[in-house]
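J.: Coordinates only, no sequence provided:
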């Protein structure tokens, strides 16, 4: 019995030593948030397991319901996909009125769920607000003006636009379901600033597209230092309140009073998320008030000429633009914010329309089946909305 007890103590000591030697203590928190609740990855309701900071909504505005509110009858195929993918919210806003709205499961008009990488698009707007306010010169300003701890690769200057367009040359392996990875550590860890400021650039910027959450997290530190307040406080003042959000959002931080996870983890509801889409649809204006400059919004959607490596060949990237995803569906130009497990804020300018889908599942790999990296589900959602709401 004593021998077994000795082996048990030795195993615990050995395991603990490995955890701290290799700095993977974040795995304990990760286990609590996933496997110990029957999940194998992050979920839209996991903000309750993290610290967060409120993004204040001081001027709430309720989007009115349209004359044809909820007259849309989804096809059997669409209903099947919405159910299978565990959709919790589907909302359509056209001509500044809600045309369709349905909730399932834990979704609701006032629910709070994680938008994951939709936060990248929100962060891109905050950069524009910081430029408009004079805290940042322009997108061509060097990130080293704000992050002197980082060192350039072979004297190549990394500009703010390189972080937005995902071409900075950062050493960062993006992986959402691999427990021992920099992405998991940034999500579940408790010292994000230390993690991100100890990354390095390993290739020249401005040529190769490589989707990396680290780029947007660097922007988070840039914003905090540029504006002299927390990203959440700044966002509430210059963005969230100005677009009429009805409920304070929650932006997850790495610890109490810590750094916002700007690469992810902005928590809100479908109606308030739709206002981000409406802001972009109206070129930076909301209800007649300028929130971010039209020139900046136009730049966000200008599609930089970047390449990605596919089978040893360079291919022009036609689906990503400075924090936003872009596509062409049924001859309609579309742009959208996109998050893990199928969080979408989709804008179809020619229809003066925004729709939001929030949910728990998405077949991310199906993006390889379609043009513009559209998943099968997203392609179906867009096609269904276009068919129903075309003039």
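T.: Noted; the coordinates are in hand. Note that the structure is predicted; figures quoted are calculated from it, not measured.
J.: So this structure: which segments form each domain?
T.: Following automatic domain parsing, the chain resolves into domains at 2-36, 41-389.
J.: Could you pull up the residues touching the spatially most central residue of the chain?
T.: In the chain, the residue lying closest to the centroid (C-alpha atoms, centre = their mean) is residue 117, at 1.8 Å. Shown in contact with residue 117 (C-beta atoms under 8 Å, 6 or more residues apart in numbering): 213, 263, 264, 337, 338, 339, 340, 343. Where you see a C-beta, it was placed from the backbone N, CA and C, and this is true even at glycine.
J.: Residue 52 now?
T.: Counting by C-beta under 8 Å, 6+ apart, residue 52 touches 250, 251, 252, 253, 265, 267.
J.: what's the most distant pair in the residues you listed?
T.: Largest separation among the contacts of residue 52 by C-beta to C-beta: 253 and 267, giving 11.7 Å.
J.: Looking at the two, which has the bigger crowd around it?
T.: Ranked by neighbour count (other C-beta atoms under 10 Å), residue 253 and residue 267 place residue 267 first, with 25 against 21.
J.: so of the domains of the chain, which one's packed in deepest?
T.: Among those, ranked by average contacts under mean count of other C-beta atoms under 10 Å, first place goes to domain 41-389 (a mean of 19).
J.: What is the end-to-end distance of that one?
T.: Terminal residues of domain 41-389 lie 35 Å apart, using C-alpha to C-alpha, to the nearest Å.
J.: Stretch 197-210 too?
T.: In stretch 197-210, first residue to last residue: 19 Å (C-alpha to C-alpha).
J.: From here on, call the first residue 57.
T.: From this message on, residue numbering opens at 57, which makes the last subject stretch 253-266.
J.: quick revisit: just the closest of the contacts of residue 173 to residue 163, please.
T.: When these are compared for distance to residue 163 (C-beta to C-beta), residue 399 wins out at 11.8 Å.
J.: so that closest one touches residue 100, yeah?
T.: Yes: the pair residue 399 / residue 100 is scored as a contact, 7.2 Å apart, by C-beta atoms under 8 Å.
J.: Need the overlap of contacts for these two.
T.: Residues touching both residue 399 and residue 100 (C-beta under 8 Å, 6+ apart) are 169, 170, 172, 414, 415.
J.: for the stretch 107-256 of the chain, what spans make up the strands?
T.: Taking DSSP state E, counting those that start in this stretch as the criterion, the stretch 107-256 of the chain carries its strands at 108-111, 143-150, 153-159, 169-170.
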